[in-house]
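1. Predicted model, plus sequence, below.
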Amino acid sequence: MSKRAKILLFSALGLLVVVAVAVTTVVLVIHQNHKNDVAAADRAAADYLDEVAAFREEQAEILADEAGSDLASALDAIDAAVEEIPAIGDAPEYGRENSDDYVEAAKAEQDLEKDLDALATLAEDTLDTTEFVDATVVALDRTTPGTLLGTGPFSSGQPVRDATIPGMQAVKDTFESVEVPAGFEEAAELTSAALQHVLDNLNQMAASLDGGQSYYFEFSEQYNTADLAVVDAVGAAEDTMADAIEAFGTGDDVEAPSSDDSDEEPGDEPSEDSARDEEETES
């Protein structure tokens, strides 16, 4: 090989080495940049997860206070929390797409909204029990049977049939026209049973008066049992709401209530007379 050819060959080889070194350097720079991008995304994710944890804890305290006194206010607080959901910080595109931590943090943002929606649904369902509870208070008013019966003496059972029985039947019908919320089925059944107990005894009273016999019956046991069932159902609903708020605060899943439709009779919150001594009705 000529001297010139050797020079050209070594020059070409040298150029190839330079190019190879340059390519390697570029690859290394890109790789390092990608590592930096992922690291930046990891940092953004870590910061955001800390922010989410703090947000959950803070909002859970607010919601627990509101739910303990006024569910309508708790609903407003939930709506406000939705508006204040923190957003995850930005990061390089490569980092966002290749950081497992960033993907997890992005999901945490979605979970916040989902859990707040579940809390709102639960609060709304709990608020919807108010009509039923109010209906129970009216239905289990211990003064109603005596007021409808009026003062005797009665020469026959006809006044009972004409006024008292229709009045009590109207009380029962009105109560049973109210939708029964989920979890209040037993309270509804016991309230209806207590009202039916009064109706059955009023019919027996009318028959007894027709025969010239006085009649006496008690109903406080049935009313108290229904009252306690309502108290238990209300307490269970409040506990469910409290547990859901606690779960939100700790980052656990908040389950939205099931949408099972309940076609039971209505029942309501205990009346203030539930602690009253036994009542009795007599002719």
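-> On my side now, so go ahead.
2. could you say which helix or strand contains F217?
-> Here F217, judged by DSSP states H and E, is contained in strand 216-218.
3. Strand partners (parallel or antiparallel) of that strand?
-> Paired neighbours of strand 216-218 in the sheet (DSSP bridges): strand 280-282 (antiparallel).
4. what's the closest non-adjacent residue to E131?
-> Counting by C-beta to C-beta, 6 or more residues apart in numbering, E131 lies nearest to V178, which is 5.9 Å off, once chain neighbours are set aside. No exception for glycine: its C-beta is placed from N, CA and C like everyone else's.
5. So that neighbour sits against V133, correct?
-> No: the criterion here is C-beta atoms under 8 Å, and V178 misses it with V133 at 9.6 Å.
6. If you count surrounding residues, which of the two has more?
-> The residue with more neighbours, out of V178 and V133, is V133; 23 against 20, by other C-beta atoms under 10 Å.
7. separation between the more buried one and L199?
-> Taking C-beta to C-beta, to the nearest Å as the measure, V133 falls 23 Å from L199.
8. So S192 sits against D173, correct?
-> No: applying C-beta under 8 Å as the test, S192 and D173 come out as separate, 10.3 Å apart.
9. out of these two, which sits in the busier spot?
-> Ranked by neighbour count (other C-beta under 10 Å), S192 and D173 place S192 first, with 19 against 10.
10. Can you tell me the SS state at the more buried one?
-> Taking DSSP: H, G, I helix; E, B strand; the rest coil as the rule, one finds S192 in the helix state.
11. mind checking how far the residue nearest to E131 is from D200?
-> Between V178 and D200 the distance is 22 Å, computed by C-beta to C-beta.
12. and what of A105?
-> 64 Å.
13. Neighbour count: the two, which is higher?
-> The neighbour comparison of A105 against D200 (other C-beta under 10 Å) goes to A105, with 25 against 11.
14. Please identify the helix or strand for that one.
-> Taking DSSP H and E as the criterion, A105 maps to helix 100-127.
15. Let me see the mean pLDDT of that helix.
-> If you average the pLDDT over helix 100-127, you get 90.
16. Which helix or strand contains L199?
-> Taking DSSP H and E as the criterion, L199 maps to helix 185-210.
17. Packing partners of that helix?
-> helix 130-139, helix 144-149, helix 165-176, strand 216-218, helix 220-250, strand 280-282 (3 or more C-beta pairs under 8 Å, 6 or more residues apart in numbering; DSSP states H and E).
18. switch to 10 Å and redo it
-> Contact here means 3 or more C-beta pairs under 10 Å, 6 or more residues apart in numbering; DSSP states H and E; on that basis helix 185-210 packs against helix 130-139, helix 144-149, helix 158-159, helix 165-176, strand 216-218, helix 220-250, strand 280-282.
19. and these, which one is worst for confidence?
-> Of all the helices and strands packed on helix 185-210, strand 280-282 carries the lowest average pLDDT, namely a mean of 45.
20. The residue nearest to E131 belongs to a strand, doesn't it?
-> No: counting by three-state DSSP, V178 is located in no strand; its state is coil.
21. A139 is in contact with that one, correct?
-> Yes: with contact defined as C-beta atoms under 10 Å, V178 counts as touching A139 (9.1 Å).
22. got the contact list for the spatially closest residue to A194 that is not a sequence neighbour?
-> Leaving aside its sequence neighbours, A194 sits nearest to Q222 (C-beta to C-beta, 6+ apart; 3.8 Å). By C-beta atoms under 10 Å, 6 or more residues apart in numbering, Q222 lies in contact with 140, 190-191, 193-198.
23. dump the residue contacts of the spatially most central residue of the chain.
-> Nearest to the mean C-alpha position of the chain, counting by C-alpha atoms, centre = their mean, stands L122 at 1.9 Å. Residues near L122 by C-beta under 10 Å, 6+ apart: 67, 71, 74, 78, 237, 240-241, 243-245, 254-257.
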